[in-house]
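Asker: fold the following for me, if possible:
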Amino acid sequence: MIESRCGLLCSRCKFREQIPCAGCTEMKKPFWGDSCPVKDCCEKRGQVYCGPCSEFPCALLHQFAYDPEQGDNGERIVQCKKWCGKE
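Answerer: Residues are numbered from 1 along each chain as shown. Coordinates of the predicted model:
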């Protein structure tokens, strides 16, 4: 089951119950801001998530995955690979 556009596991997110959040594959606008560049990119390309994209993993996803404050040290990239059978 695809949980997010970028590979985050929504089922492990601390905000899911607090907000409540349906996940970026279901919501029109993220709860944390006006938009999410990764979500917008996937939708413009007609992709459910980043994994199947011909440019995966792109610089944008890499930036999010390794962000010092919000990143997960690349775990979301690994998860996208699992979802599309690349790992």
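Asker: my guess is residue 35 contacts residue 29, does it?
Answerer: Yes. The pair residue 35 / residue 29 is scored as a contact, 7.0 Å apart, by C-beta atoms under 8 Å. C-betas here are computed from N, CA, C, even on glycine.
Asker: how close does the residue of the chain positioned farthest from its centre sit to residue 75?
Answerer: For the chain, the residue at maximal distance from the C-alpha centroid (C-alpha atoms, centre = their mean) is residue 18, at 19.0 Å. Note on residue 18: its distance to residue 75, by C-beta to C-beta, to the nearest Å, is 21 Å.
Asker: quick one, phi psi at the residue farthest from the centre of the chain?
Answerer: phi -70, psi -40 (degrees, to the nearest 10).
Asker: any idea how far residue 82 is from it?
Answerer: 27 Å.
Asker: over to residue 31?
Answerer: Residue 31 is 25 Å from residue 82, by C-beta to C-beta.
Asker: repeat that for residue 3.
Answerer: The value you get for residue 3 to residue 82, if C-beta to C-beta is used, is 11 Å.
Asker: for residue 70, same thing?
Answerer: For residue 70, the distance to residue 82 - C-beta to C-beta - is 21 Å.
Asker: need the per-residue pLDDT for residue 53.
Answerer: For residue 53, the model assigns a pLDDT of 95.
Asker: residue 47 is in contact with that one, correct?
Answerer: Yes. With contact taken as C-beta under 8 Å, residue 53 and residue 47 are classed as touching, separated by 5.5 Å.
Asker: quick one, helices of the protein?
Answerer: Under the criterion DSSP state H, the chain carries helices at the ranges 15-18, 37-45, 59-65, 75-83.
Asker: mean pLDDT for those helices: which is lowest?
Answerer: Looking at the helices of the chain, the bottom one is helix 15-18 with a mean of 78.
Asker: turn the helices of the chain into CSV, including distance to residue 8.
Answerer: Listed next are these as CSV, based on distance: least, C-beta to C-beta, whole Å:
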stretch, distance to residue 8
helix 15-18, 10
helix 37-45, 9
helix 59-65, 9
helix 75-83, 5
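Asker: out of these, deepest packed?
Answerer: Mean neighbours per residue, mean count of other C-beta atoms under 10 Å, is largest over those for helix 75-83, with a mean of 19.
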